[in-house]
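1. Could you work out the structure for the sequence below:
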Amino acid sequence: MNPGNDMVSQSKSIALLREELQDCVAKIIAQTETCKPDTTGISTSMESIRAEASHLGQLFEEHLTEERIQLLDVVQPLWVPDGHNEEEAEQEPPLQTHFTPDHAAGSIVVVDDEPSFSTPLVQQLRRDGYECVEFSGGKEALHHLSENPCQMVLLDVVMPEMNGRDVLEIIKNSEILRDTPVIMTAQRHELDHIAGSIHEGAEDFLAKPYNPTIVRARVASSIQRKQLRELERRTFLALVKSQQQLAAELSEAAEYVTSLLPGKLSTPVKSDWRYIPSSQLGGDSFGYHWIDKDHLAIYLLDVCGHGVGAALLSVSVLNFLRSGTLPASEARNPSSVLGRLNATFLMERHNDMYFSLWYGVYNARTLALDYCSGGHPPAILITPDHNSLSLSSRGTVIGAIESLRYHSERITIPPGSRLYVFSDGVYEIERRNQAMMGYDDFIELLKKNDAETGLDGVVTAVREEQETDIFEDDFSLMEFHFVEATPVSREFLVLHNSMDEWGELLRFTEEFASHHGISKEDLINIDVILEEIVTNILKYGGMPADADACTIELILKSSLLEIKVSDGGEPFNPLLLPEVDTDMGIEDRPIGGLGIHFVKKLTISQHYEYRDGKNVLTLVKELRS
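-> Next comes the predicted model:
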């Protein structure tokens, strides 16, 4: 719609008014010319002249006033595409909070079988700047409406063949037409039909004969109500779209947080966890990692509140803990870790957000667990005899008060025990007709849980307590099963994709053997095993020069040495190579396979898997000493 439409519509209205006035003047002149000299004729003609003159005066009185011009600016038909510009027609019009007339937006349909009423009504509406289409029957009007946009319908109640209420019922039952405002029209003796029509969906009514001022007011009011409904509908759709976009972004954020969660451990500590985000993006994060060959760090934090801000702070703290920012000596001391976090993440520097944290360090050789907590629910240790211990050092939440000092506690873990670390979202559960589930209730739930069902059994039991699958807060729960009954030593080495790394590998195995009293014969066998596996990786792994080729991990458990070699090369399982027939002569045997044959002979078990984009070969060798 161009800016000149208002002026065009007013000019058109004035032109229509001028035509009608000229028609009245013409009639006056015609009557005067046909006047007869006899008294009766003169008297009759003068009566006509006076009537037409009176009509003319009435038109001036009603229409050529300042109030009339202002009314034109109030009436505002609904926007619809006009079809002249296909690109503009395909685009949603911008939301408007004020209204301007748009007389190309479709017509007003007048349906009445009595021209004596419909014709003056149509003339007035056209003078008011509206496009009008007139029909004498309901069927013709319905056919027109099914194919043409319409601002509103002025519908006579009583008509032959199909009355107005039948037409109204069809309009209101139509998916396309139901939002079109309908004003019913009726003579005084027909007003009994109006109440039923209003109940059936009519917007308003007009009594015949029409009062021009009331017609203008009710037509303008009905059209504006339709426009307001359309504005409300489009505002609602825009809100829904915005909420859907926000929900999608929150879902992506939740997926990202989930992607940061750790893999499962199998030895010397077996780990498992369940993370179920709440309906809102929350601030829970957790993890664990080996600080060195003997010390396993375990941590879970819960940022206050929900939303993107809480999630961002949670991820920042998680990355701080697992990125190696802290020196190993400090990372092994839980009270030092909480003190450093409190100094780094003070709430006045982080949008007034704070968080609770439980942090523990397990020594795989001594079986000791050092732990410290800041405003967090105590971890729960379930011993093999089903006793429970709450592990808390009663510290203050992280970030609330500057220069706080935290204190660590220590406990020796009996082999076979299970440690549970969690956020308050796992037990602060509303229960129907009961008090809220509490920390002590959760301890009893863990003690009763069947070990075979594991954490799935815990999740199911909590859901049964709250009688819904949806959690109001993040459900974050970690389980650590201390399966090893003997001290374990583990060391690892990362080799680059270069044959110059051989010296580093030999020093690594020699130091490991010397530290643990491994015999020279066993050391030679270990070197033979690693030489065969690592040579194949360096030659055929397909990794760039000087890139990280593989990680070698040695895990000593009593007299058993676990050798774990992982690499990021092409998926390849060396254990699937054909067995070598050593009874055949060298000249008769196929080339290849002899190296892996010796590896199998020197170890008591072999296992291969492709996990997280890496080849992982695990070999177990029984040592002489």
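2. what pLDDT does residue 158 get?
-> pLDDT, residue 158: 89.
3. quick one: secondary structure of it?
-> coil (DSSP: H, G, I helix; E, B strand; the rest coil).
4. ok, it - how many residues close by?
-> 16 (other Cβ atoms under 10 Å). To be clear about C-beta, it is placed using only N, CA and C from the backbone, and glycine gets the same treatment.
5. dump the residue contacts of it.
-> 164, 186-187, 190, 193 (Cβ atoms under 8 Å, 6 or more residues apart in numbering).
6. all helices for the stretch 301-450 of the chain, in order.
-> 308-322, 328-331, 334-344, 439-448 (DSSP state H, counting those that start in this stretch).
7. pLDDT on the first one, on average?
-> Along helix 308-322, the predicted local confidence has a mean pLDDT of 88.
8. Can you give me the buried ones in it?
-> By 16 or more other Cβ atoms under 10 Å, the buried positions in helix 308-322 come out as 309-315, 317-318, 320-322.
9. Let me know the distance separating the nearest residue to residue 569 once chain neighbours are set aside from residue 549.
-> Using Cβ to Cβ, 6 or more residues apart in numbering and skipping the chain neighbours, the partner closest in space to residue 569 is residue 541 (3.0 Å). From residue 541 across to residue 549, the span is 6 Å (Cβ to Cβ, to the nearest Å).
10. Those two - which one has more neighbours?
-> residue 549 (21 against 18).
11. before we move on, the earlier item: quick check, the residue nearest to residue 569 in contact with residue 570.
-> Yes - using Cβ atoms under 8 Å, residue 541 is in contact with residue 570, at 6.9 Å.
12. in the chain, which helix or strand is least confident?
-> Sorting the helices and strands of the chain by mean pLDDT, DSSP states H and E puts helix 86-90 at the bottom, at a mean of 41.
13. So which of the contacts of residue 158 belong to strands?
-> 186-187 (DSSP state E).
14. Reformat the contacts of residue 158 as JSON lines; add pLDDT, neighbour count and distance to residue 413.
-> Listed next are the contacts of residue 158 as JSON lines, based on pLDDT from 0 to 100; neighbours: other Cβ atoms under 10 Å; distance: Cβ to Cβ, whole Å:
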{"residue": "164", "pLDDT": "91", "neighbour count": "27", "distance to residue 413": "86"}
{"residue": "186", "pLDDT": "89", "neighbour count": "20", "distance to residue 413": "90"}
{"residue": "187", "pLDDT": "87", "neighbour count": "14", "distance to residue 413": "95"}
{"residue": "190", "pLDDT": "76", "neighbour count": "16", "distance to residue 413": "92"}
{"residue": "193", "pLDDT": "77", "neighbour count": "16", "distance to residue 413": "87"}
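15. Pull the most distant pair out of the contacts of residue 158.
-> The most widely separated members of those are 164 and 187, with 12.2 Å between them, by Cβ to Cβ.
16. from the chain's centre, how far out does the host helix or strand of residue 480 sit?
-> Taking DSSP states H and E as the definition, one finds residue 480 inside strand 475-481. On the basis of Cα atoms, centre = their mean, to the nearest Å, strand 475-481 sits 26 Å off its chain's mean C-alpha point.
17. circling back to that earlier point, mutual contacts of residue 541 and residue 549, please.
-> Each of 497, 567, 569 lies in contact with both residue 541 and residue 549 under the rule Cβ under 8 Å, 6+ apart.
18. Mind picking the one among the residues you listed that's closest to residue 428?
-> residue 567 (45.1 Å).
19. My read is that that closest one contacts residue 541, right?
-> Yes - between residue 567 and residue 541 there is a contact at 5.6 Å, judged by Cβ under 8 Å.
20. Pull up the overlap in contacts between those two.
-> 549-550.
21. rewinding a little: closest to residue 171 out of the helices of the stretch 301-450 of the chain?
-> helix 308-322 (47.2 Å).
22. pLDDT score assigned to residue 14?
-> 59.
23. Could you look up the SS state of the residue nearest to the spatial centre of the chain?
-> In the chain, the residue lying closest to the centroid (Cα atoms, centre = their mean) is residue 247, at 2.0 Å. Of the three states, residue 247 takes helix under three-state DSSP.
24. dump the residue contacts of it.
-> Applying Cβ under 8 Å, 6+ apart to residue 247 gives no contacts.
25. mind listing the strands for the stretch 351-500 of the chain?
-> Using DSSP state E, counting those that start in this stretch, the strands of the stretch 351-500 of the chain run over 355-363, 368-374, 379-382, 388-391, 409-412, 418-422, 475-481, 488-496.
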